[in-house]
Structures are given as C-alpha cells and as structure tokens.
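Novice: Fold the stuff below for me.
(one chain, ligands or ions: 1)
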Amino acid sequence: MTDHGEAAEPMNELAHLGHGALLTPTLDETLSYFVDLLGMDVVEESGGSYYLRAYGDYERWTVRVTAADRAGAEYVSWRTTSPQALQRRVAWLEEHGYGGRWAGPEHGKGPAYEFEDPDGHTFRIYYETERYVAPEGKRPVIPVNVQAYAGRGANVHHLDHVNLLARDVRACRRFWEEGFGLRTYEIIERPDGDGEVGAWMSSSIQGHELIYTQENTSGSGRMHHFAYVVESREDVLRAAEIMADARIYIEAGPSRHTAIQGFYLYTREPGGNRIEVANGGYLVFAPDPKPYVWTAEEWAEKPGWGARIPPEFHVYGTPVVDREKEMLT
Ligand SMILES: [Fe+2]
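Specialist: Reported below is the predicted structural model:
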C-alpha cells in the first residue's frame, strides 16, 4: 500500500500482534491488576519477569510484566506468517537502515528480531511459538477452545491492540505499510494538512492492531495504551464496575470510539500504564481497502454518539515525561 493511493500487491507477512513487554514501578500491584481485575493468569516467572495470558490467547502468553523504575512498553511484537516471512522482513529492515539484533527464544516464543520504528519504539518479530496447552483444571469442555472460561475479574479474552505515540505519525504509518504490508483503515489529518495525528493499522480484517497517535509532549518512543478484548459490550460495563470498586482510575469510558468504532474502557493500572478493556470495532473484508482520511474539521465534529475524550487522553503516555505536567495545567 502506498500513500492512500494505488495499492501495491498485498503483502501478507505479519499474522497478528504477538505480545507486549510492559514495565512497571509497582510490580505487585500491577500483577494484581492483571490477575485479579483483568482475570489473566501468570504462566511463567523468571528473572523478575512475569508472563501472563488471557484465557482466549492461543499462544502461551501475550504480556510480560517486569519491574522497573518507570512504566512503559519495553517492546511490542508481531508474529510473522512464516519463517520465510520473518527472514524477508529482517532483510527489508537491514536494507532500509532499520537493522537491529536477534533476541533469543523466550518461554515458548522463538528467536525474534528486534528493531525500532521511526519514533524509537522497540519492536520484535518472530515466527516460532508454543501453543498453550491447558493443564488439568483449566481444560475446556469443548476441545477446540484453548482454555476453560476464566470468569474472573473483567474476564478478558485475548490481546487486541496497542496504541503508540509518535512525533511523526505519517512516517510510522508508511514504515509499516511499506515494510510490512500493514493495512491502514483510518487516518486523521493534522489541522494544517501537513501530516497526520492518527493512523489505525492492522495485519488482518480486524479494524486495529497498531495505532499511532500524535505525541504532544517532548517524549518519544512512548506507549499510549495496551488493550485486551472482552466478549461483549456488556462485559465492558461490567469491567467498569470491577475497576471502580477496586479504586482503579478510569480515565475514559465506557463509551464508543469514532475511529474503528470499538467500545472502550480506559484505566490506568497501578504502575501507570494505560490499559483498555475493549469490545467490537468493525471488520474489513475488502482485499483492497482504502483508508478513510478524516480532515481535522470533520473529525472535530465527532459524528455519531459517544462521549468526548478528556484532554489528558491526548497527552498522557508511558513513560511519563515532565512536560506532560506542564501541558495538563
Ligand atoms: Fe484502543
């Protein structure tokens, strides 16, 4: 895909978002948030990192949580569609000045190539993975299912998407389109028309797996949010009840987004990372999708229903930077 123009032959090299490695300054409280409130399970602990899964994740784990002096995403990963696709994408990265390094296997996920996007976010791509095999007590009655219904906390089902902040959204969008064949489903133009403030991208028919929105502080390489999906809109409302009673800060929602139209609840886990409980969003079946490009004026009118997002939503990210405080006052 080129710049909203003629589509090149579709490239199918990335299968889906793989996992995220999150950092937290409050490890115990963050783990409690993921386990007790989101309803996820710890499947591995080693070297101070905890590996967690939602009950619908087919891979063994989809988030790694590690103690650090600050919140943020250490890296985000994608699974490629084949070993050959992995090698081809590594070759593309190295040919285009984005060369990185190989990282060894990690608890069921094979060797990964680590690199940075144009804004300095660290990514990994890998192919080999271990499918989760539920132990006694977690085996589903229908064998097609990965794991028995969790039914705990918000009961999140699987990893959905990640939103990163970027100083140059357009550069990041083009990087993923040209290098990896990601599809872009929606774009918001800057008010001056010179660039973009948002881009919603995916490797599949799912409306969004990777989102870039404008970085409005002096920071770089920051995360906006990390999202798990629940099975219904009602489950998003139920998650709000659970989070509120647990005194977890709810920043926005429950409501529905205009872009991609997913139903959302945004919380901050105790370590400060913004975590979304999500449901819905449209699917795109066309093999030759063209992104919908919102002008700034059109976007400002916010057609349809749904609450307006609070100003801090456009500023706060992790790691937190001092400049944020200035911008929020
Ligand atoms: Fe989201």
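
Novice: who's in contact with Pro21?
Specialist: Careful, residue 21 is Ala; it's not Pro. When contacts are counted by CB atoms under 8 Å, 6 or more residues apart in numbering, Ala21 touches 49, 63-64, 66, 73-77. Placement of C-beta: from N, CA and C, glycine included.

Novice: same thing but 7 Å
Specialist: By CB atoms under 7 Å, 6 or more residues apart in numbering, the contact list for Ala21 reads 64, 66, 73-75.

Novice: repeat for Leu164
Specialist: Contacts of Leu164 by CB under 7 Å, 6+ apart are 121, 212, 223-224.

Novice: Which of these sits closest to the ion?
Specialist: His224 (8.0 Å; CB to the ion).

Novice: For the closest one, grab phi and psi.
Specialist: Backbone geometry at His224, expressed as degrees, to the nearest 10, gives phi -90, psi -60.

Novice: Kindly provide the distance from it to Gly198.
Specialist: Taking CB to CB, to the nearest Å as the measure, His224 falls 10 Å from Gly198.

Novice: Looking at the contacts of Ala21, which are in helices?
Specialist: Using DSSP state H to define helices, no part of the contacts of Ala21 is located there.

Novice: Let me have the residues you listed in a markdown table, extended by distance to Gly153, pLDDT and neighbour count.
Specialist: Below are the contacts of Ala21 laid out as a markdown table (distance: CB to CB, whole Å; pLDDT from 0 to 100; neighbours: other CB atoms under 10 Å):
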| residue | distance to Gly153 | pLDDT | neighbour count |
| --- | --- | --- | --- |
| Arg64 | 19 | 98 | 21 |
| Thr66 | 21 | 98 | 16 |
| Ala73 | 22 | 98 | 25 |
| Glu74 | 24 | 98 | 16 |
| Tyr75 | 26 | 98 | 18 |
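
Novice: Rebuild the contacts of Leu164 as CSV, extending it with secondary structure, pLDDT and neighbour count.
Specialist: Output for the contacts of Leu164, formatted as CSV (DSSP: H, G, I helix; E, B strand; the rest coil; pLDDT from 0 to 100; neighbours: other CB atoms under 10 Å):
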residue, secondary structure, pLDDT, neighbour count
His121, coil, 98, 23
Tyr212, strand, 98, 30
Met223, strand, 98, 23
His224, strand, 98, 24
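
Novice: Let me have those residues in a markdown table, extended by distance to the ion.
Specialist: Shown next, in a markdown table, are the contacts of Leu164 (distance: CB to the ion, whole Å):
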| residue | distance to the ion |
| --- | --- |
| His121 | 16 |
| Tyr212 | 12 |
| Met223 | 11 |
| His224 | 8 |
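
Novice: how about the residues of the protein that lie near the ion?
Specialist: 227, 276 (CB under 5 Å from the ion).

Novice: Tally up the residues packed near the spatially closest residue to Gly181 that is not a sequence neighbour, please.
Specialist: What sits nearest to Gly181 in space, not counting adjacent residues and going by CB to CB, 6 or more residues apart in numbering, is Met11, at 2.7 Å. Residues near Met11, counting by other CB atoms under 10 Å, number 20.

Novice: Wait, Met11 touches Arg183, no?
Specialist: No. At 9.7 Å, Met11 does not count as touching Arg183 under the criterion of CB atoms under 7 Å.

Novice: What pairs with the helix or strand Val162 falls within, parallel or antiparallel?
Specialist: Take DSSP states H and E as the rule and Val162 turns out to sit in strand 158-166. Using DSSP bridges, strand 158-166 pairs in its sheet with strand 210-214 (parallel), strand 223-229 (antiparallel).

Novice: what sits up against the first one?
Specialist: Outside of strand 210-214, the residues that reach it under the criterion CB under 7 Å, 6+ apart are 17, 161-166, 169, 172-173, 176, 182, 197-201, 224.

Novice: contacting residues for Pro287?
Specialist: Pro10.

Novice: what about it, distance to Pro319?
Specialist: 39 Å.

Novice: you'd agree Glu189 is up against Ala296?
Specialist: Yes. Using CB under 7 Å, Glu189 is in contact with Ala296, at 5.8 Å.

Novice: More neighbours: these two, which one.
Specialist: Glu189 (20 against 13).

Novice: Just grab the bridge partners of the more buried one for me.
Specialist: According to DSSP bridges, the partner residues bridging Glu189 are Glu196.

Novice: give the contact list for it.
Specialist: Glu189 touches 196, 293-296, counting by CB under 7 Å, 6+ apart.

Novice: Most neighbours among those residues, which one?
Specialist: Busiest of the contacts of Glu189 [other CB under 10 Å] is Glu196, holding 23 neighbours.

Novice: what sits against that residue?
Specialist: 169-170, 173, 187-190.

Novice: Just grab the bridge partners of the residue of the stretch 101-250 of the chain found nearest the ion for me.
Specialist: In the stretch 101-250 of the chain, the residue that lies nearest the ion is Ala227 (4.7 Å; CB to the ion). For Ala227, the beta-bridge partners are His161, Glu276 (DSSP bridges).

Novice: and it, how far is that from Leu17?
Specialist: Ala227 sits at a distance of 10 Å from Leu17 (criterion: CB to CB).

Novice: which neighbours do those two share?
Specialist: With CB under 7 Å, 6+ apart, Ala227 and Leu17 have common neighbours 161-162.

Novice: That concludes my questions; thank you for your assistance.
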